[in-house]
Structures are given as structure tokens and as C-alpha cells.
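need a structure here:
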Amino acid sequence: MKNEQFKILLRFFKALADESRLKIVGILASQECSVEELAALLQLKEPTVSHHLAKLKELHLVSMRPEGNAHLYKLDSEALQNLSKEIFTPEKMASLVEDVSTQAWENKVLKTYIEGDFQNPEAVQHLKEIPASRKKRLVVLKWLVEKFEVGVKYPERNVNEIIKRYHPDFATLRRELVGYQLLMREQTVYCRLDKDN
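Residues are numbered from 1 along each chain as shown. The predicted structure follows:
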């Protein structure tokens with residue numbers, strides 16, 4: 001999500017995180033009102049209502065038109081729909097966390113399941129147990145597949161020996177590596193898949 005859209009979204013949620021502003025939006029969704037009317041309906045002082053309306057106007061959620069000496073406010077449903085189309089899509093919401101690294105979570109999983117320094121390939125490492133959670137298991141399997149070189153063909157016996165260095169249940173881990181498509185199997189020969197292809 002672009003920085004500007006992120007800021008708009010943040011202002012939107014901050015503006016609507018106030019009970020009075022939410023009520024104003026609700027009232028203005030069904031009718032036009034003046035500051036005086038809104039103050040009476042919400043039992044608030046007029047300057048307070050004006051302050052809330054100013055916050056909503058900054059986001060273009062309410063529009064105002066003069067009528068005599070009064071100003072009438074209404075919800076700008078078109079602006080709300082545009083905001084919804086531009087920002088409130090699953091893809092845009094997911095992009096809110098583009099800069100959040102999954103590495104911290106993966107490191108936490110590996111720290112839990114790997115004995116030894118999992119970041120040092122020279123250190124003695126051992127898998128304590130195979131995680132029951134599929135998501136955690138995938139993290140462990142990605143760590144394990146790093147023990148195989150890309151493009152090298154390994155007979156099943158060699159695959160078993162490599163896995164046994166880290167955990168005694170080599171058969172389960174071998175099946176899981178194939179099941180998660182981290183290793184490719186042709187009869188009894190295995191090959192680590194290139195991540196980029």
C-alpha cells in the first residue's frame with residue numbers, strides 16, 4: 001500500500017474511533033443536519049459537534065451546503081464508496097504489512113524446535129520434534145531442505161542419511177519435504193527444487 005493511502009487509512013480509523021463521530025456519521029447517512037440539530041440529537045455542545053465535523057470533513061466523509069444562516073451536513077456516500085474501492089480491498093489491506101518481515105516469526109519457530117545455533121551452518125543442530133502445526137512444520141522443512149544442494153540428485157539412502165543427522169524420523173520428514181514440494185522425487189532419486197523456478 002502506498003504511503004499516502006496508508007496515512008489516509010490511519011486518519012480514517014482514528015476519525016471513526018470516536019463514539020460521537022461514529023454517531024454523527026450514522027445520523028448523516030440518513031439525513032442532512034445542522035450543527036445545532038446534531039448537538040441536540042447527541043446532547044453535545046455545538047463547538048464539540050463542529051470539531052467532530054471538521055475531522056470528518058478532512059477525510060471528505062461529510063459534505064456541507066449553506067442554507068440561509070445555517071450549514072447543513074450530510075454523509076458523502078460517494079467519497080465513502082471511493083475509499084472502499086481504493087483502500088478497503090483484501091489486497092490493499094494485506095499490503096498494510098508489506099514491510100513486516102516474516103523472518104522474526106520463522107526465527108522464533110526455529111529457536112523453539114532446533115537445538116543448537118540454527119543460523120550457523122557449522123554448528124551442531126538437531127530437530128527436537130516435528131511440529132504438529134502445518135505452518136510451523138513448513139518453517140522447519142524449509143530449514144531442513146537447506147541441507148540439500150539445488151540440482152544435485154540424491155538417492156533415497158543419501159536423503160535418509162542427511163535427514164537422520166537432524167532427526168531420527170527420516171521417513172516422515174522425507175515424505176513431508178516431497179509433500180510440501182521442497183524436494184522432487186522420481187522413483188528413488190530426490191532433487192531439491194530451485195526456489196526461483
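
mind giving me the packing neighbours of the lowest-mean-pLDDT helix or strand in the chain?
When the helices and strands of the chain are scored by mean pLDDT, DSSP states H and E, helix 90-94 comes last with a mean of 72. Of the remaining helices and strands, none touches helix 90-94 by 3 or more CB pairs under 8 Å, 6 or more residues apart in numbering; DSSP states H and E. Glycine gets a C-beta too; all of them are placed from N, C-alpha and C.

which positions in it come out as buried?
Within helix 90-94, the residues scored as buried using 16 or more other CB atoms under 10 Å are Lys92.

same check on stretch 36-45?
So, applying 16+ other CB under 10 Å, buried residues of stretch 36-45: Glu37, Leu38, Ala39, Leu42, Leu44.

can you verify my assumption that the fourth one contacts Leu22?
No. With contact defined as CB atoms under 8 Å, Leu42 does not reach Leu22; the gap is 10.7 Å.

and after the least confident helix or strand of the chain, which helix or strand comes next?
Downstream of helix 90-94, the next assigned helix or strand under DSSP states H and E is helix 103-113.

now do that following helix: everything it contacts.
Residues external to helix 103-113 that are found in contact with it (CB atoms under 8 Å, 6 or more residues apart in numbering): Phe118, Gln119, Leu127, Lys128, Glu129, Pro131, Lys136, Val139, Val140, Lys142, Trp143.

mind checking which of the residues you listed are in strands?
With strands defined by DSSP state E, the entries of the contacts of helix 103-113 inside them are Leu127.

need the max-distance pair from the contacts of helix 103-113.
Farthest apart among the contacts of helix 103-113 by CB to CB are Gln119 and Glu129. That separation is 19.8 Å.

now for Phe170: which residues touch it?
Applying CB under 8 Å, 6+ apart, the residues near Phe170 are Val159, Asn160, Ile163, Lys164.

wait, which of those residues is closest to His60?
Closest approach to His60 among those (CB to CB): Ile163, at 59.0 Å.

surely the closest one touches Leu144?
Yes. Counting by CB under 8 Å, Ile163 touches Leu144, with 7.0 Å between them.

give the intersection of the neighbour lists for the two.
Counting by CB under 8 Å, 6+ apart, the common neighbours of Ile163 and Leu144 are Leu173.

could you check how far Lys147 is from Glu46?
Using CB to CB, to the nearest Å, Lys147 is found at 71 Å from Glu46.

what of Glu78?
Here Glu78 is placed at a distance of 27 Å from Glu46 (CB to CB).

who has more neighbours out of those two?
Using other CB atoms under 10 Å, the more surrounded residue of Glu78 and Glu46 is Glu46, with 13 against 10.

just the pLDDT at the more buried one, thanks.
pLDDT recorded at Glu46 is 93.

cheers, nothing more for now.
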